[in-house]
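# How does the following fold in three dimensions:
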Amino acid sequence: MLLVLPVATQAEEMQILALGDSLTAGYGLPAEDGFVPQLQAWLEERGVEVTIQNGGVSGDTTAGGRARIEWSLAPEVDAMIVTLGGNDILRGIDPLVARDNLDAILDIADQRGLPVLLVGLYASQNFGADYKAMFDAIYPKLAEEHGTLLEPNFFQGLGDGVDPAAYRRFMQADGIHPNAEGVQRIVARIGPRVEELMQQVEAQ
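Reported below is the predicted structural model:
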C-alpha cells in the first residue's frame, strides 16, 4: 500500500543554510538570541518543520563567503539564505568586486538547483553617494538575474532607514549589530520570506 506522508512530515528533513557574517552568526548576543536561533524559533512557533544551519562567520566579506560556499553546502541542504556585504561596506570594498563574489555564490546555487533568499544591505554615505548607489543596486539586480527571492535590507524590520536614531534602541553599543529585540524585529520581517523560500523547495 502506498503511504502518503503529510506535508508537515515531509518538511521535517528540510535544511536551509544561512550563509552570512556576524549578523547571521549572532555577534555579541547569547546563543539563543542570535538571528538563526530566533528565526528557527519563529518558524517552529508557526508549526514549520525546518532546520536553519548557522553559516555565519563574523568578519566575513563576500569574498570569504565565496571561498567557503562549496564546502558549506552539505548534500542535505535544500535552500540558502545569503546575507553578505556588510563588511565589504565597512571596508569600502569596490561594489563591483562584491557583486562578482555574490554572483559567483548564486551561480553555485543555480548549478545545484537550490532556491535562494538574497538579503541585501544598504550602504552608508561614508564613501559617497556614488558608492552607496552602486552598492545598493547589487542585490535587486542579482535577484532579478538569478530569479531569487529578495529582501532588500536586512535591517528593514527596524524602521524605514530614514532616521537611524529611531531604531538606535534596537542596536548594540557598537551601532552595527542588532540587540536581541532588534533581531526579533528583523526575524518578524524576514520570517515570511523564509516561508516563501520553503514553498519553493516544496514545489520542486
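# just for the protein, where's the confidence low?
Along the chain, the model assigns pLDDT under 70 to residues 1-12, 160-166.
# Which parts of it are helices?
In the chain, the helices defined using DSSP state H lie at 7-10, 22-25, 35-45, 62-72, 86-91, 95-111, 129-136, 138-146, 180-203.
# how close does residue 110 get to residue 104?
From residue 110 across to residue 104, the span is 11 Å (Cβ to Cβ, to the nearest Å). C-betas here are computed from N, CA, C, even on glycine.
# Can you give me every residue that contacts the closest residue to residue 19 other than its chain neighbours?
For residue 19, ignoring the flanking residues on the chain, the nearest one in space by Cβ to Cβ, 6 or more residues apart in numbering is residue 55 at 4.4 Å. By Cβ atoms under 8 Å, 6 or more residues apart in numbering, the contact list for residue 55 reads 17, 18, 19, 20, 24, 72.
# With distance to residue 155 added, can I get the helices of the chain in a markdown table?
As requested, the helices of the chain are exported to a markdown table (distance: least, Cβ to Cβ, whole Å):
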| stretch | distance to residue 155 |
| --- | --- |
| helix 7-10 | 32 |
| helix 22-25 | 9 |
| helix 35-45 | 12 |
| helix 62-72 | 18 |
| helix 86-91 | 10 |
| helix 95-111 | 18 |
| helix 129-136 | 13 |
| helix 138-146 | 13 |
| helix 180-203 | 7 |
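# would you turn those into TSV with distance to residue 123 and mean neighbour count?
TSV is the format used below for these (distance: least, Cβ to Cβ, whole Å; neighbours: other Cβ atoms under 10 Å):
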stretch	distance to residue 123	mean neighbour count
helix 7-10	40	10
helix 22-25	15	23
helix 35-45	20	19
helix 62-72	13	17
helix 86-91	5	20
helix 95-111	8	18
helix 129-136	4	15
helix 138-146	9	17
helix 180-203	18	17
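# Tell me which of those sits nearest to residue 158.
helix 180-203 (5.7 Å; Cβ to Cβ).
# of the contacts of residue 55, closest to residue 125?
Nearest to residue 125 among the contacts of residue 55: residue 20, at 23.5 Å, using Cβ to Cβ.
# what sits opposite the closest one in the beta ladder?
Judged by DSSP bridges, the bridge partners of residue 20 are residue 56, residue 83.
# and it, how far is that from residue 158?
Counting by Cβ to Cβ - residue 20 and residue 158 are separated by 17 Å.
# Repeat that for residue 172.
Applying Cβ to Cβ, the value for residue 172 to residue 158 is 12 Å.
# neighbour-wise, which of the two wins?
Using other Cβ atoms under 10 Å, the more surrounded residue of residue 172 and residue 158 is residue 158, with 22 against 14.
# The nearest residue to that one once chain neighbours are set aside: neighbour count?
Nearest non-adjacent residue to residue 158, counting by Cβ to Cβ, 6+ apart: residue 167, 3.8 Å away. Counted with other Cβ under 10 Å, residues neighbouring residue 167 total 17.
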